[in-house]
Each structure stands twice: as structure tokens, then as C-alpha cells.
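pasting the sequence and the predicted coordinates here, then a few questions.
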Amino acid sequence: MRRETIVNLVLAAGFVLVPLVAWMIDEPFVVTLATRVAILALAGIGLNIALGYGGLVSFGHAAFFGLGGYAMGVLASHAQSFSPMLTWPVEISGTKSMLVIWLVAIAVSGLAALVIGILSLRTTGVYFIMITLAFAQMLYYFTVSWPAYGGEDGLSIYVRNSFPGLNTLDPIQFFAICTALLFIALFLSGRLSRSPFGLALQSVRQNPERVEATGIRPFDLRLTAFVISGMITGLAGALFADLNRFVSPSMFSWHTSGEIMVFVILGGVGRLFGPLAGAALFILLEHWLGGFTTYWQFLLGLLLLGVVLFFRGGLIGTIAGREVAHD
Amino acid sequence: MTDTVLSVRNISKSFGALLASNDISLDLMAGEIHALIGPNGAGKSTLIKQIAGSLTPDSGTVEFLGRDVTTLDTVARARMGLGRSFQVSSVIPDFTVFQNVALAVQGFRRTTFRFFRPALGDVAIRKASMRHIDRAGLAGREAIRASDLAHGERRRLEIAMALALEPKAFLLDEPMAGMGPDGSKEMTAILDELRREAPILLVEHDMDAVFALADRISVLVYGQVIATGTVDEIRKSAEVRQAYLGDEANA
């Protein structure tokens, strides 16, 4: 077995065990922390497909995270106030069903990624970073100034949305839902990276000219990756809103984009389990260092500098070593 | 008469005041190796780029397999069967030899937009990749990372990738560059094999290789083709000697 596979398995097993132990010793807060890790890791898995596999430095993934969050917020707020979202030409009412909300979140963020991707993937480098950032900021200011859904104050959803057969208000059950989605996303991301598409996408990151010469259009690869990436991050956004039972424009802020990127970099860019390792480390630091000082992000900054300068492979890369070309 | 596979007609391209291609015409016939030689800065790379599709000529046309491809991009021309290797080794550095060739195979087969099954598990792709690796003389090296290959091997990997496109014509930009004498000889043998597959437009500095391989030679100087002919004709041409070969003879 490859060393990275072992590291991944240990990480996965450990992740599932932490909240179970916390639940047994009756520390429900830890379960909520772990749920946050699962959701943020999911957002990171989305970004990792664009950034890690495709080399697309998107500084606007908050757009998809926020759209997922607002998909949940808008649908659930209509359901809780019993007011239809649309009365003409057909009546569309809100919903409290997680499954429907997830599908809407994935569809909306996928569509947004398609539009943003078509417009921004014509550029590369710093221009791409700036354009993706601009789109996310546009959505941020749009939600701030849109009073129908709470404007700057955001939207509160009083009861968590429902999932058939489960009590979603029970922290451990909600944790199970999020973790199941996390592992499904990890599985799909792993398959994707080894698929013909993944092979070509990772080639385009390294040498687009060569890929062109083999008759594959880099733009098509990048756009497809960007859409898949946006959909996963959008799903994470819907879960995040459900975790907090609250959505606000801050989900769209560049700060959110930066944090998602930090998870990926801390964990290891392009590593399958990088986002999970990164998000877990981030939440741990926030929790521990945040207990000592409110300036914990200063220390996080130092850590990030260290990773970028000396440990390029992030947490996974440092433990598992140089990526072995998979066969 | 043999068929014309690739035909460049009166191509001109300028960058500001510099006329990099000045009314260039040349043909590549089925079954031949047509070498393009010329001193540094003669405009060989500019011409190759226009043939491959990464540069558009200001005027003139490029015909490939009887079709005007002047307005088509690199991808479209590659799909028609124009197999290209680059002047500076251009492979996917972090991938193994096998992965590199598999990429080209799936490019040729148009099986890239598949998202679930492992690319390298596909038996048809495995077999095709191994065949091309074998033909390029890289058997036994398929698990080596491209960035860990010796320079000559990397050039061979490019040949394997070009082969995977099952091309109707090869466009090889200095395949011998940076190779030692032994490597050059070996590559000469490989290219001699390749010509049975498809005709080759060969840009090369290694005169031994050019004289050993080429059926015809075109000489490019200051963006103009000053002569086209057989090896003997080019060797005897006074104009060519003066413009190009003479420099080497005196050195």
C-alpha cells in the first residue's frame, strides 16, 4: 500500500472516531466542531479539484459556498413562513427537505460556476484570481443590499432541515450526514483524479501546450473541472448554513474564499485528503490557539508561511512524502 | 507522382518590422522525410508554429490532407492527424512515461471526458500505450517519471506521444537537440522507421542526421526558402553553401 493511502486511512478512521468518543464522554461541542471540519473539508475538496488538479487559483470559491448557503436559506425561509417563492407562472413553495435543498444548491452553484468559468477561464494567472474574486464580491454586495432575504443581517432558520429517517437536530446524526457526504466526495474526487479526465486535467496544469498537441482542448477541461468544483463547494455551503441555521453575506466574502484556500494549502495542494487534513488543522488551531489569544490568526499566518516556504506538500505531503505517480 | 500530404502556400508573417516568414512555400509528400534547415533566427520555429496552428500567418495558406486548415487551431489540426514534437522537450513532467503516452492515446481516441473509471485500467489504452512506448525505444522505462528521464529519453517519449496520435504527418522540431552522438544515431534509426508510418517534416541542426535521413531538404534563410532539393542538390548548391553550410565548413 502506498504511504499516502495509509495516512489517508488513518486520517479517515481518526476523524470518525473523534466525535464518537466525544459523544460517549458527553462532550457534544466536539461533535459540532467535527461537523464543521467535515463541511469545510467538503468545500476544500471542491476547490482542490480546480486548484489542486487543474492549477486554477480561484479566489472566488466563496461565490459557490455562499450560493449553496443561500439556496438553503431561501428555500427554508419560505417553508418556515409558509409563503410561496413564486406564484406565477407556476407556484413554487419553499422546502425543509435536505435532499431537495442539496440538489438545488448543487444545481445553482454549478450553473454559476459555468457562467463564471466561461468568462474567467479566458484569462490566466493573476487576472484569473482577480476575476474570480470580483464575481464573489459582486454576489457579496448583492446579498448585502437585497432586503428580501435579510440583507446585511442574513437569514435565520429556526429548525434544522429534515432528512428522511433521521433527527437532524441531534448533533451526532447531523455529523453522520455531513461525514457521509464528505466520504462520498472524497471517493468521487479520488476516482476523478485517476480517470481519463483527471489525467488530462492534471496534464493541463503542467503543460497545456502539450495537451493541445494531443488534440484535447485545455479550456474544455478547465471549465468542466471548475463546474464540478463549484458544485461540491456549493453543497458544502448548504450544509454549513444548516449547521449554523443561519446564512449571511459573509459566506460570500473574500475572507471565506481565502479560508477555503488555506485548508487546501495547509493539507496539501492536489492531495486527495489534503482538504480534510487542512480543515481539521485549521479548526484545531482556531479552537486551541483561540483559547490563548484572540490574535490566533497571526500564528496561523506564520504556519501558512512555513508551509508555503518549507513544506510545499502541506500536512499530507510532509507525512506521506513526495507524491508517487499512481499507476 | 506521390500525394501531397501537407502544403504550405506563400506564407508570410511579420512581427513589427521583422519579416519572419517571407512568402514561404513548401510541400510534404507521402512517404518522405523533408528536412528544413537554416541558421539560427532564420524563422524555422515561426514556420513550424504556423503549420501546427499556434500562430496564424498574415497571408498565405496551409493545406493538410487536401483541406485548407489555415484558420483551424492546434487542437483541430492535431485531431486531423498532425503529430508534433517540440523544440524544447515538452512532456508532462510529474507523470510517468506510461501516463504521458496514455494521455496522448486518450486524446487520439477522444475518451478524455470520462470521469469515473481509472484511465490506466483501460486495457485498450494500456496496450496501445505499450506499443508506442516500445516503438519509441522506451520499453522497460514506462514507470519512470518523465522529469527523471535522461534528455534523450525524453525526446523519445515525445516521439511515443506523437506516435500515439497515429498521425498522417509528423512535425518534428529538432528531435536530436541535446543528444550525444550515440543518441543521435539511435534517433536517426527511429525516425527512419517512423517514415513508414507517415511523412516527416523535420527541423534539425544535426547535419549528419539530415543528410542520412532526408529525401528532400529546404533551406530557410532570413524567412525565405532559398533552395529546395535532394541531398545532393543542396550539397552542391553554391547559394546554400554561402548562406549556411559555408559557415560550418570554415569553422
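Alright, I've got the coordinates.

output the below-cut-off pLDDT ranges for chain A.
Along chain A, segments meeting pLDDT under 70 span A:323-327.

residues from it in reach of chain B?
Counting by C-beta under 8 Å from any C-beta of the partner chain, the residues of chain A close to chain B are A:191-192, A:194-200, A:202-203, A:206-207, A:209-217, A:220-221, A:224, A:323, A:325, A:327. In this view, the C-beta of every residue, glycine as well, is placed from N, C-alpha and C.

and the most centrally placed residue in chain A, what element?
Centroid check for chain A by C-alpha atoms, centre = their mean gives A:Ala43 as the closest residue, at 0.7 Å. Using DSSP states H and E, A:Ala43 sits within helix A:28-48.

who are the packing partners of that helix?
Applying 3 or more C-beta pairs under 8 Å, 6 or more residues apart in numbering or on different chains; DSSP states H and E, we find helix A:28-48 packed against helix A:3-24, helix A:171-194, helix A:218-244, helix A:254-267, helix A:274-292.

recalculate using a threshold of 10 Å.
With contacts taken as 3 or more C-beta pairs under 10 Å, 6 or more residues apart in numbering or on different chains; DSSP states H and E, helix A:28-48 sits against helix A:3-24, helix A:62-81, helix A:171-194, helix A:218-244, helix A:254-267, helix A:274-292.

which one of those lies closest to B:Thr61?
B:Thr61 lies closest to helix A:218-244 among the helices and strands packed on helix A:28-48, at 25.8 Å (C-beta to C-beta).

what sits against residue 52?
By default, I'm working from chain A. By C-beta atoms under 10 Å, 6 or more residues apart in numbering or on different chains, A:Gly52 lies in contact with A:44-45, A:189, A:193, A:201-202, A:205, A:229, A:264-265, A:267-272, A:274-275, A:314.

sorry, should have said chain B
A:209, A:212-213, B:62, B:73-74, B:77-78, B:82-84, B:86, B:171, B:173.

near the nearest residue to B:Ile24 once chain neighbours are set aside, how many other residues are there?
Closest residue to B:Ile24 apart from its sequence neighbours, by C-beta to C-beta, 6 or more residues apart in numbering or on different chains: B:Ile11 at 4.7 Å. Per other C-beta atoms under 10 Å in any protein chain shown, the neighbour tally for B:Ile11 reads 23.

tell me the secondary structure at B:Ile11.
Following DSSP: H, G, I helix; E, B strand; the rest coil, B:Ile11 is assigned to strand.

contacts for the helix or strand harbouring A:Leu305?
Take DSSP H and E as the rule and A:Leu305 turns out to sit in helix A:296-310. Contact partners of helix A:296-310, identified using C-beta under 10 Å, 6+ apart, comprise A:261-262, A:265-269, A:278, A:281-282, A:285-290, A:292-293, A:295, A:311, A:313-315, A:317-318.

what distance do you get for B:Lys127 to A:Ile45?
Plainly put, B:Lys127 is 34 Å away from A:Ile45 if you go by C-beta to C-beta, to the nearest Å.

looking at the two, which one has more neighbours?
Between B:Lys127 and A:Ile45, A:Ile45 has the larger neighbour count (other C-beta under 10 Å), namely 31 against 11.

can you verify my assumption that that one contacts A:Thr233?
Yes. Here A:Ile45 reaches A:Thr233: they are 8.2 Å apart, a contact under C-beta atoms under 10 Å.

between those two, what contacts are shared?
A:Ile260.

for A:Leu67, give me its contacts.
The contact partners of A:Leu67, taken as C-beta under 10 Å, 6+ apart, are A:104-113, A:136, A:139, A:143, A:230, A:233-234, A:237-238, A:251-252.

and those residues, which are buried?
Using 16 or more other C-beta atoms under 10 Å in any protein chain shown as the burial test, the contacts of A:Leu67 include A:104-106, A:108-110, A:112-113, A:136, A:139, A:143, A:230, A:233-234, A:237-238, A:251-252 as buried.

for A:Ile184, see how far away the closest residue to chain B within chain A is.
In chain A, the residue that lies nearest chain B is A:Thr214 (3.2 Å; C-beta to the nearest C-beta). Using C-beta to C-beta, A:Thr214 is found at 32 Å from A:Ile184.

who's more crowded, these two?
The neighbour count for A:Thr214 versus A:Ile184, taken as other C-beta under 10 Å, is higher for A:Thr214 (27 against 11).

find the nearest non-adjacent residue to that one, please.
Nearest one to A:Thr214, counting by C-beta to C-beta, 6+ apart, is B:Gly107 at 3.2 Å.

my read is that that neighbour contacts A:Ser203, right?
Yes. If you go by C-beta under 10 Å, B:Gly107 and A:Ser203 touch, sitting 9.4 Å apart.

shared neighbours, those two?
Here B:Gly107 and A:Ser203 have A:210-211, A:214, A:216 as joint contacts, going by C-beta under 10 Å, 6+ apart.

could you list every residue that touches A:Arg222?
Residues near A:Arg222 by C-beta under 10 Å, 6+ apart: A:50, A:54-56, A:117, A:120-121, A:124, A:128, A:201, A:204-205, A:208.

could I get those residues as a markdown table with secondary structure and neighbour count?
A markdown table is the format used below for the contacts of A:Arg222 (DSSP: H, G, I helix; E, B strand; the rest coil; neighbours: other C-beta atoms under 10 Å in any protein chain shown):
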| residue | secondary structure | neighbour count |
| --- | --- | --- |
| A:Ala50 | helix | 27 |
| A:Gly54 | coil | 27 |
| A:Gly55 | coil | 18 |
| A:Leu56 | coil | 25 |
| A:Gly117 | helix | 24 |
| A:Ser120 | helix | 25 |
| A:Leu121 | coil | 22 |
| A:Thr124 | coil | 14 |
| A:Phe128 | helix | 19 |
| A:Leu201 | helix | 28 |
| A:Val204 | helix | 27 |
| A:Arg205 | helix | 21 |
| A:Pro208 | helix | 18 |
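
got a markdown table for these, with distance to B:Asp206 too?
A markdown table is the format used below for the contacts of A:Arg222 (distance: C-beta to C-beta, whole Å):
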| residue | distance to B:Asp206 |
| --- | --- |
| A:Ala50 | 43 |
| A:Gly54 | 38 |
| A:Gly55 | 35 |
| A:Leu56 | 40 |
| A:Gly117 | 45 |
| A:Ser120 | 44 |
| A:Leu121 | 40 |
| A:Thr124 | 35 |
| A:Phe128 | 41 |
| A:Leu201 | 36 |
| A:Val204 | 32 |
| A:Arg205 | 33 |
| A:Pro208 | 29 |
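
from the residues you listed, which is closest to B:His132?
The nearest member of the contacts of A:Arg222 to B:His132, counting by C-beta to C-beta, is A:Val204 at 20.9 Å.

now the closest one: how far from B:Arg195?
Remark: distance between A:Val204 and B:Arg195 (C-beta to C-beta) = 31 Å.

got it, and A:Gln137?
Between A:Gln137 and B:Arg195 the distance is 57 Å, computed by C-beta to C-beta.

the closest residue to chain A within the stretch 1-150 of chain B: neighbouring residues, count only.
Residue nearest to chain A within the stretch 1-150 of chain B (C-beta to the nearest C-beta): B:Gly107, separated by 3.2 Å. Using other C-beta under 10 Å, B:Gly107 has 26 neighbouring residues.

that one: what secondary structure?
helix.

show me the contacts for it.
By C-beta under 10 Å, 6+ apart, the contact set of B:Gly107 is A:196, A:200, A:203, A:210-216, B:75, B:78-79, B:161, B:164-165.

in strands, which of the contacts of A:Leu67 appear?
For the contacts of A:Leu67, not one is inside strands, with DSSP state E as the criterion.

show me what from the stretch 151-251 of chain B comes close to chain A.
Within the stretch 151-251 of chain B, the positions adjacent to chain A are B:158, B:161-162, B:164-165, B:171 by C-beta under 10 Å from any C-beta of the partner chain.
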